[in-house]
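Undergrad: output the structure for:
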Amino acid sequence: MEFKQAAHRDRFVDRHIGPSAEDVASMLEHIGIDSLDALIDKTIPAAIRGDKALDIGAAMSEPELLEYARRTAAKNDLFTSHIGMGYYDTVTPPVILRNILENPGWYTQYTPYQAEIAQGRLEALINFQTMVVDLTGLEIANASLLDEATAVAEAMAMMFAGRTRVKANATRLFVSNDIYPQTRALLETRCEPIGVELVFGDYKTVEFDGSYFGAILQYPADDGNIADYRSFCTRAREHHIYIAAACDLMSLLLLTPPGEFGADIAVGSTQRFGVPMGYGGPHAAFFATREKFKRLIPGRIIGVSVDAQGGQAYRMALQTREQHIRRERATSNICTAQVLLAVIAGAYAVYHGPRGLRAIAERIHRLTVALADGLKAQGHAVLNQAFFDTISVRPADGVDAAAVRREAEAAQVNLRYFGDGRIGISLDETCNEKSVERLLRIFLAARGGNGVDFDIAALVEGAQSGIPAELQRTSEYMTHPVFSLYHSETEMLRYLKRLENKDLSLTHSMIALGSCTMKLNATTEMIPVTWREFGGLHPFAPLTQSLGYRQIFTELERDLAAITEFAAVSLQPNSGAQGEYAGLMTIRAYHKDRDAAHRNIVLIPSSAHGTNPASGVMAGMKVVVVKCDALGNIDVDDLRAKAEKHSEKLAALMVTYPSTHGVFEESIREICDTVHRYGGLVYMDGANMNAQVGLTSPARIGADVCHLNLHKTFCIPHGGGGPGMGPICVNEKLAPYLPGHPLVDTGGDKAISPIAAAPWGSASILLISWAYIKMMGGAGLTDATRVAILNANYILKRLDGAYKPLYTGANGTVAHEMILDTREFKQSAGIEVEDIAKRLIDYGYHAPTVSFPVPGTMMIEPTESESLAEIDRFCDVLLSIRREIAAIESGEADREENVLKHAPHTLALVTADNWDRPYPRSAAAWPIEWLHERKFWASVARVNNTYGDRNLVCSCPPLEEYQDSDEAEPAEAL
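TA: Numbers count the residues shown, from 1 in each chain. Modelled structure (predicted):
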């Protein structure tokens, strides 16, 4: 017998890339190009083409990768961490772990810009916001931020932007000495460039005057102490000073909430609500404030509106797209959230309910009191007068912190060591009586076993509250029925499934969002993320306990450096926008180090993503906009003129490549050379890196620094709107300034202060990109880029004659994405791009990116992961919609009463007894035959955006409030 397939090897690259070799040949024939190499030669300028293969090693198979990941994970030592500082061990309920965190139906969703096919996660985020509003005692909350320290910095920025006339010249911000050190450091990063003076001090003795605009408190404090801030807030308010409190959300189940003691803003982390520590992230921070700040609150707010049928519907509200609208006038560059983690935290609250959460908080507190009593009995000094879950201990005479540390580490326990002899101990949800006993025995052993023995059961039984009566919470919270209905696993499972079923994800169809790169998030890449060896590490644990993580960081940094052809990498920025900011801050530090701090002008093309100018302003730079020409390219003459005009102050150019218009600009080298000639550096936005990998590089085009969206090019899933990662890669001249951290040695020799709360940002999801690169290898990554470009050009050819591309490259091709101009349909048929977006839902597809970067257009990016069959289906749908528009143009269909204007059509509408539309139900719901087999139904009709903004509700509403609503107003264009 001859074994003809014996040499066959199941290659991951063949699973990741959608089209087969036969498909590629067919697509090239359709385009009219002889080979894939010829297509690439026509698309990418020869001057910037790479001349050697990517040097990142041979590809691993999926089993090999998982085996390698297991060996690497085993190098991490899982100690029990009582370090605290905003990070705590927690229990992720298995029903949430399996059905959200490990479920592609949740983690492959996109940001809910198309509300009609996002009602599930929007409802989950409303639950999250309601939980935050209730526990903080404030009026509105957003749908999450990146981490607690960033949330504090955003609170600073909001207070600064919201200064009243009487405070117009106030630039000082009081910050309590009791703030977490990582938060203090990040505040220093964010305040100095924009001219905010930080004043650290004792909240009890600070003397306010007219120079202060805001104050920040930690609640409970860094050392665990609980203070009564009411008199402080009264004093601050007398001076028209805003107050923000960084809070532990679990503690607010027992403590007076900040909204009740006088704070205007409450921020913090929801990590301990079921989200693993993950060596620093990702976690969902929260941000709550008063109604008067609703136009200034950073990030996204989920609100309640109505749909075209008058039913209740959720949507993103208010300044959801602030950066795209306000650009350099934006008060924040936050354009993403931590949706997947916020969904988990909100689901944790739904599953446990108010009683269950309070029971968890009370158990943590009781155990902490028992520990404090036991330590006191041994002669140690517990320095806290009032506390929730954290105590600060000064060991008894004859016992030093070093002795305690030796015993703790021998018992595989991490404590916090302040450096002045004090020891911090934090308890969490996973602790029990044995945890307290082990801690007491560590201290007992540190004094040679001499001391009072203890009865752990008696200590726990006799524990009295460590929270003074005047600081104990008396107000109700989480009274909405959603927090009381789903406490059995059966009910919770069905609830989560109902929510999931309302949302379209990559499990249903391709999501061809331009500039978003919605590619495959392979299962093998995701598996290690939820391993305890990676999820259970505290970010401030000793480095000797995280050797597995350090190996992954080293390998990933090396590979990203090879891909970008840069010298060094920082993995710290935990979003693309934070990567932009980090890159600009390294440029700023470089100029400052060369006695050129006056260089503060940043040139930004008019086509740039809106976060670019916002990041520039945050970095203390003045934005000068560069024009684009009629072909969508940077106007080189205008750039040259502005670079020369501002040559004395030129700091940087921010450029996206390929451009935001989807083409490789032939003049990119000239553009970068011009900026360098006048003393500036070039920052490249890596949003479109999926068209570069293996074929060219940021260094090759002339950039000095770039950020990479690992949640795009390198396969971290979008999670419905986060998490993401935005590491920066830099050349040798910028390497010394890579961001550091106050608690862990990282960054360059002249490191700027941190960009994120944790040293390596959202460390646990770096595993995904690491695994992707390992399994693809250099050749596979290059092939992925080639096929991404092929897929885009195939769509361009298939739609030729039906839709006009707005821009193409010099040889008539596009990069990995294209912009289709749909503006003519408004004149010819009264059809807006929004109508096409909503009609795509009826066909089971998420709309491409609409009205960005050019209003009235669609930007399509298919990625390399979609098969030819799926791409053809998508093209068939767009051609079918074009025929529907043609029917309106010819008068066959009415300009108002047509399938596009009324899209999407819900199941309830199509199956209703009444049907008064001039087109048949079949045209509404099944315009293509294959929809009978794979129909996805929108759960609501078209959502009314205007109504939602005019009647802002951002917490769980009772349904009856909307049953008698006035007739819906017309929706705004996207």
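Undergrad: any idea how far Leu371 is from Asn384?
TA: 11 Å (CB to CB, to the nearest Å). For the C-beta atoms, the positions are set from N, CA and C on the backbone; glycine is no exception.
Undergrad: now swap in Ala829 and tell me
TA: To Asn384, Ala829 is 70 Å away according to CB to CB.
Undergrad: same question for Ser955.
TA: 34 Å.
Undergrad: returning to what we had before: joint contacts of Leu371 and Asn384?
TA: Shared contacts of Leu371 and Asn384, defined by CB atoms under 8 Å, 6 or more residues apart in numbering, comprise Ile391.
Undergrad: and those two? which has more neighbours close in?
TA: Ranked by neighbour count (other CB atoms under 10 Å), Leu371 and Asn384 place Leu371 first, with 28 against 19.
Undergrad: per-residue pLDDT of the spatially closest residue to that one that is not a sequence neighbour, please?
TA: With CB to CB, 6 or more residues apart in numbering as the criterion, Leu371 has its nearest non-adjacent residue at 4.9 Å, and that residue is Val436. Val436 carries a pLDDT score of 97 in this model.
Undergrad: ok, Val436 - how many residues close by?
TA: Neighbours around Val436, by other CB under 10 Å: 27.
Undergrad: also Arg295?
TA: Neighbours around Arg295, by other CB under 10 Å: 11.
Undergrad: quick check: closest non-adjacent residue to Phe936.
TA: Nearest one to Phe936, counting by CB to CB, 6+ apart, is Gly844 at 4.2 Å.
Undergrad: residues near the one you found, how many?
TA: By other CB under 10 Å, neighbour count at Gly844 equals 21.
Undergrad: any idea how far it lies from Trp531?
TA: Gly844 is 35 Å from Trp531, by CB to CB.
Undergrad: need phi/psi at Ala792.
TA: Backbone torsions for Ala792, taken as degrees, to the nearest 10, come to phi -60, psi -40.
Undergrad: numbering from 20 from now on, please.
TA: New numbering, starting at 20: the last item is Ala811.
Undergrad: wait, isn't it in contact with Leu839?
TA: No - with contact defined as CB atoms under 8 Å, Ala811 does not reach Leu839; the gap is 11.5 Å.
Undergrad: now do the shared contacts for these two.
TA: Both Ala811 and Leu839 are contacted by Ile879, under the criterion CB under 8 Å, 6+ apart.
Undergrad: the two - which one has more neighbours?
TA: Neighbour comparison, Ala811 and Leu839: the larger count goes to Ala811, with 27 against 21 (by other CB under 10 Å).
Undergrad: so how many other residues sit close to Tyr436?
TA: Tyr436: 16 neighbours (other CB under 10 Å).
Undergrad: can you tell me who it pairs with across the strands?
TA: Assessed by DSSP bridges, Tyr436 has beta-bridge partners Ile442.
Undergrad: show me the contacts for it.
TA: Neighbours of Tyr436 in contact, by CB under 8 Å, 6+ apart: Ala420, Arg424, Ile442, Gly443.
Undergrad: the third one - how many residues pack around it?
TA: Residues contacting Ile442 under the criterion other CB under 10 Å number 24.
Undergrad: which ones are touching it?
TA: Ser411, Val412, Arg413, Pro414, Ala420, Val423, Leu434, Arg435, Tyr436.
Undergrad: from Gln397, how far out is it?
TA: According to CB to CB, Ile442 and Gln397 sit 13 Å apart.
Undergrad: same thing with the last one?
TA: Here Gly443 is placed at a distance of 17 Å from Gln397 (CB to CB).
Undergrad: what do you get for the second one?
TA: Taking CB to CB as the criterion, Arg424 is separated from Gln397 by 17 Å.
Undergrad: before we move on, the earlier item: which of the contacts of Ile442 has the largest number of neighbours?
TA: Of the contacts of Ile442, with other CB under 10 Å as the count, Val412 tops at 28 neighbours.
Undergrad: what's the nearest residue to that residue if we skip its chain neighbours?
TA: In space, Val412 is closest to Ile442, 4.8 Å off (CB to CB, 6+ apart).
Undergrad: and for Gly849?
TA: Gly849's closest residue in space is Arg914 (CB to CB, 6+ apart), at 4.4 Å.
Undergrad: how close does the one you found sit to Val833?
TA: Taking CB to CB, one finds Arg914 at 32 Å from Val833.
Undergrad: make CSV out of the contacts of Tyr436 and add pLDDT and distance to Gly281.
TA: Below are the contacts of Tyr436 laid out as CSV (pLDDT from 0 to 100; distance: CB to CB, whole Å):
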residue, pLDDT, distance to Gly281
Ala420, 96, 37
Arg424, 98, 39
Ile442, 98, 32
Gly443, 98, 27
